[in-house]
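*Asks:* Quick one: sequence plus predicted model below, questions after.
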Amino acid sequence: MSKRKILILSILCDALGYVSFVFPPFDFIWAPVSAYIMTKLYKGKEGKVAAVVSFVEEALPVLDVIPTFTLMWFYTFIFKSKEETIIEV
């Protein structure tokens, strides 16, 4: 899957997290689903850690404003790739 598609899916998943502002019980459904999607979009140890963070963030009502999926995209494709480039040189 391309970086662009993953970014679009990440933004959509973050937007789905905002549904709980209108319909609070949605968190009970969305928290485990978001964790599962996070592990599928982002592989490895980072994806598993992000899944736990996503689950907790979606389960707690105050933290829903954090765009976890989009932040993970930036970490994976912007910040982490810069670190690898610096180390390889």
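*Replies:* Yes, it's here. Numbers count the residues shown, from 1 in each chain.
*Asks:* Lowest mean pLDDT among the helices and strands, pick that one out for the chain.
*Replies:* Each helix and strand of the chain was given a mean pLDDT (mean pLDDT, DSSP states H and E); the minimum falls on helix 80-88 at a mean of 59.
*Asks:* Return the set of buried residues in the helix or strand encompassing Ala15.
*Replies:* In this assignment (DSSP states H and E), Ala15 forms part of helix 3-17. Buried residues in helix 3-17, counted by 16 or more other CB atoms under 10 Å: 6, 9-10, 13-14, 16-17. Backbone N, C-alpha and C define where each C-beta goes, glycine included.
*Asks:* In TSV: the residues you listed, plus distance to Tyr36 and pLDDT.
*Replies:* TSV is the format used below for the buried residues of helix 3-17 (distance: CB to CB, whole Å; pLDDT from 0 to 100):
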residue	distance to Tyr36	pLDDT
Ile6	15	95
Leu9	13	96
Ser10	14	96
Cys13	11	95
Asp14	15	94
Leu16	13	92
Gly17	14	89
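*Asks:* show me what contacts the residue most central in space within the chain?
*Replies:* With distances taken as CA atoms, centre = their mean, Phe69 lies nearest the centre of the chain, 2.1 Å away. The neighbours of Phe69, taking CB atoms under 8 Å, 6 or more residues apart in numbering as the test, are 9-11, 13-14, 34, 37-38, 41, 54.
*Asks:* please redo it, this time with the cut-off set to 7 Å
*Replies:* Taking CB atoms under 7 Å, 6 or more residues apart in numbering, we find Phe69 in contact with 10, 13-14, 38.
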